[in-house]
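Participant: Here is my input, please return the structure:
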Amino acid sequence: MLSWAFAFFVLALVAAYMGFYGLAGTAAIIAKFLLVVFLVLLVVSAFSGALRGRPPEEMP
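Facilitator: Residues are numbered from 1 along each chain as shown. You can find the predicted model right below:
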């Protein structure tokens, strides 16, 4: 349990550093860019699966 507390402490320090020194805006821009990239990859993957004519695999 102490390891979880330490992990969240480190995460809080990183978030504070980003917020205190103006890197939060940069992180938000990177997050928006990655969101768009992964949404495009999702759409491409969905269309390529639909064009192959295969039904989606069922989860066990």
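
Participant: Give the residue spans of this protein that score low on pLDDT.
Facilitator: Applying pLDDT under 70 to the chain picks out residues 1, 20-21, 23-24, 54-56, 60.

Participant: Quickly note the distance from the residue in it sticking out farthest from the centre to G22.
Facilitator: No residue in the chain sits farther from the centre than G53, which is 29.3 Å out by CA atoms, centre = their mean. Distance of G53 to G22, given as CB to CB, to the nearest Å: 51 Å. All C-beta atoms are positioned from the backbone trio N, CA, C, and that covers glycine.

Participant: Could you identify the longest helix within the protein?
Facilitator: Taking DSSP state H as the criterion, the chain has its longest helix at helix 23-52.

Participant: now for that one, which elements pack on it?
Facilitator: Judged by 3 or more CB pairs under 8 Å, 6 or more residues apart in numbering; DSSP states H and E, helix 23-52 is in contact with helix 2-20.

Participant: Work out the gap between the helix it packs on and the centre of the chain.
Facilitator: Here helix 2-20 is found 18 Å from its chain centre; the criterion is CA atoms, centre = their mean, to the nearest Å.

Participant: Packing partners of that helix?
Facilitator: With contacts taken as 3+ CB pairs under 8 Å, 6+ apart, helix 2-20 sits against helix 23-52.

Participant: in the helix it packs on, what's buried?
Facilitator: Of the residues in helix 23-52, none has enough neighbours to count as buried (16 or more other CB atoms under 10 Å).

Participant: about what we covered before: now the longest helix of the chain against helix 2-20, angle please.
Facilitator: Interaxial angle of helix 23-52 relative to helix 2-20 (axes from the mean of the first three to the mean of the last three CA atoms, to 10 degrees): 110 degrees.
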